[in-house]
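Asks: output the structure for:
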Amino acid sequence: MSSVSPENEGLKKGEVNFKANGQTQRIVSIVLGVLLTLAVTAFITILAIHLKAVDGGWSSWGEWSTCSLTCGSGGKSRERSCTNPSPQYGGADCSGESEETVPCNTQGCPAVDGGWSSWGEWSTCSLTCGSGGKSRERSCTNPSPQNGGTDCSGESEETVPCNIQGCPAVDGGWSSWGEWSTCSLTCGSGGKSRERSCTNPSPKYGGADCSGESEETVPCNIQGCPAVDGGWSSWGEWSTCSLTCGSGGKSRERSCTNPSPQYGGADCSEESEETVPCNTQGCPVNGGWGPWGPWSTCSRPCGGGNKHISRSCNNPSPQNGGTDCGGPARVWMICNRQACTRK
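Replies: Numbers count the residues shown, from 1 in each chain. Predicted coordinates:
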């Protein structure tokens, strides 16, 4: 006489309730649907790890472009793309070129000889007297020479004399003296100066230049200077830290210029540079996955159980604000799908 386990007795009672109650049947259908979705998700995850590489393949050539020239040897091109199929999962890219260019309209172009445009307007005479000159221009653009045609003959610019009458001589005259400059020293005998120019009027047409000097210098602040001891300026801005983490250093400077030592005064005492530690916190370390562990034991010996593999974010572990590992730490799959046999 065969014995019936408590588990099998529960299954038989469930079968009776399943047949007797339509609502229970719907609940069981929903549970089975969820289990099937989990199984498919686990299968896709495992499949993605082992996908086969797909090498790229060329598409058909596109249409030829319009020729770049109507004569004299132009070029046209066409293209194709590495999308039939595109390389995936580490597959090789397409070999060969994606663009092809060939010559077109190779026949020679007819020669066009150049022709002069009309003359432009005369320029203003370069002088008001004493024989100046004025000019006018034209260009070889009516038409421009092309395809081996000859250039225009003759000159592109014409110059003729103008205002040829002589100019009267003008002697130079001094302008007024300018303002005195600031004294070169505040003490200890400096100097200051002022200037004038031979521009009132400037000498022209053989006229005489101005006589005398254009600059005048006199002494100023001739008294002796007292000794001035040096003084420190304010500290400058801190430099950028030498490290972003792990204990770097930053510094700032000052100069002995407030005031600078003068006339035998003492130099500044102490240091002109100060250095302090900065960014002493540890550097961030992003987490990395360790190897996958072994598969767990199936949760059921038959009738469809679950097993999983796990990995840890410890290779290395995230530290000091580093990012955690991306991706799943555990993957599930269905196991022992065979039906359970009754004893």
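Asks: report how many residues lie close to residue 301.
Replies: Neighbours of residue 301 under the rule other CB atoms under 10 Å: 11. Heads up, the C-betas are built off the backbone N, CA and C, glycines and all.
Asks: wait, it touches residue 336, no?
Replies: Yes. Because the distance of 5.8 Å satisfies CB atoms under 8 Å, residue 301 is recorded as touching residue 336.
Asks: quick check on residue 57: phi, psi?
Replies: Dihedral pair for residue 57: phi -140, psi 150, per degrees, to the nearest 10.
Asks: try residue 32
Replies: Phi and psi for residue 32, reported as degrees, to the nearest 10, are phi -60, psi -40.
Asks: any idea of the pLDDT on it?
Replies: On the pLDDT scale, residue 32 is placed at 86.
Asks: check the one 3 residues further on too.
Replies: According to the per-residue confidence, residue 35 scores 87 in pLDDT.
Asks: so what's it up against?
Replies: Neighbouring residues of residue 35 by CB atoms under 8 Å, 6 or more residues apart in numbering: 304, 334.
Asks: where does it land in three-state SS?
Replies: Recorded secondary structure, residue 35: helix (DSSP: H, G, I helix; E, B strand; the rest coil).
Asks: just the strands in the chain please.
Replies: Ranges of strands within the chain are 74-79, 99-104, 132-137, 157-162, 190-195, 215-220, 248-253, 273-278, 305-310, 330-335, based on DSSP state E.
Asks: what would those look like in JSON lines with mean neighbour count?
Replies: What follows is the strands of the chain, written out as JSON lines (neighbours: other CB atoms under 10 Å):
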{"stretch": "strand 74-79", "mean neighbour count": "14"}
{"stretch": "strand 99-104", "mean neighbour count": "13"}
{"stretch": "strand 132-137", "mean neighbour count": "14"}
{"stretch": "strand 157-162", "mean neighbour count": "13"}
{"stretch": "strand 190-195", "mean neighbour count": "14"}
{"stretch": "strand 215-220", "mean neighbour count": "13"}
{"stretch": "strand 248-253", "mean neighbour count": "14"}
{"stretch": "strand 273-278", "mean neighbour count": "13"}
{"stretch": "strand 305-310", "mean neighbour count": "16"}
{"stretch": "strand 330-335", "mean neighbour count": "17"}
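Asks: now the ones you listed as TSV including distance to residue 52 and mean pLDDT?
Replies: Formatted as TSV, the strands of the chain follow (distance: least, CB to CB, whole Å; pLDDT from 0 to 100):
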stretch	distance to residue 52	mean pLDDT
strand 74-79	29	93
strand 99-104	30	94
strand 132-137	74	93
strand 157-162	76	93
strand 190-195	90	94
strand 215-220	91	93
strand 248-253	49	94
strand 273-278	52	94
strand 305-310	22	94
strand 330-335	20	93
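Asks: export those strands to JSON lines and tack on distance to residue 53?
Replies: Formatted as JSON lines, these follow (distance: least, CB to CB, whole Å):
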{"stretch": "strand 74-79", "distance to residue 53": "26"}
{"stretch": "strand 99-104", "distance to residue 53": "26"}
{"stretch": "strand 132-137", "distance to residue 53": "70"}
{"stretch": "strand 157-162", "distance to residue 53": "71"}
{"stretch": "strand 190-195", "distance to residue 53": "84"}
{"stretch": "strand 215-220", "distance to residue 53": "86"}
{"stretch": "strand 248-253", "distance to residue 53": "45"}
{"stretch": "strand 273-278", "distance to residue 53": "49"}
{"stretch": "strand 305-310", "distance to residue 53": "24"}
{"stretch": "strand 330-335", "distance to residue 53": "22"}
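Asks: which one of these lies nearest to residue 322?
Replies: Nearest to residue 322, of all these, is strand 248-253, at 18.8 Å by CB to CB.
Asks: bridge partners for residue 162, pull those for me.
Replies: Taking DSSP bridges as the rule, residue 162 bridges to residue 132.
Asks: show me which helix or strand of the chain is least confident by mean pLDDT.
Replies: Across the helices and strands of the chain, mean pLDDT, DSSP states H and E gives its lowest value to helix 6-20, namely a mean of 47.
Asks: now for residue 301 and residue 336: what residues contact both?
Replies: Residues touching both residue 301 and residue 336 by CB under 8 Å, 6+ apart: none at all.
Asks: tell me the contacts of the nearest residue to residue 53 once chain neighbours are set aside?
Replies: Nearest non-adjacent residue to residue 53, counting by CB to CB, 6 or more residues apart in numbering: residue 91, 4.1 Å away. Contact partners of residue 91, counting by CB under 8 Å, 6+ apart, are 53-56.
Asks: got any ranges where the stretch 1-150 of the chain has weak pLDDT?
Replies: Confidence mapping of the stretch 1-150 of the chain against pLDDT under 70 gives the ranges 1-22, 43-50.
Asks: tabulate the contacts of residue 91 (TSV), appending neighbour count.
Replies: Formatted as TSV, the contacts of residue 91 follow (neighbours: other CB under 10 Å):
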residue	neighbour count
53	10
54	14
55	15
56	17
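Asks: restricted to helices, list the residues you listed.
Replies: Per DSSP state H, helices hold no members of the contacts of residue 91.
Asks: out of the residues you listed, which one sits closest to residue 36?
Replies: Nearest to residue 36 out of these is residue 54 (CB to CB; 28.6 Å).
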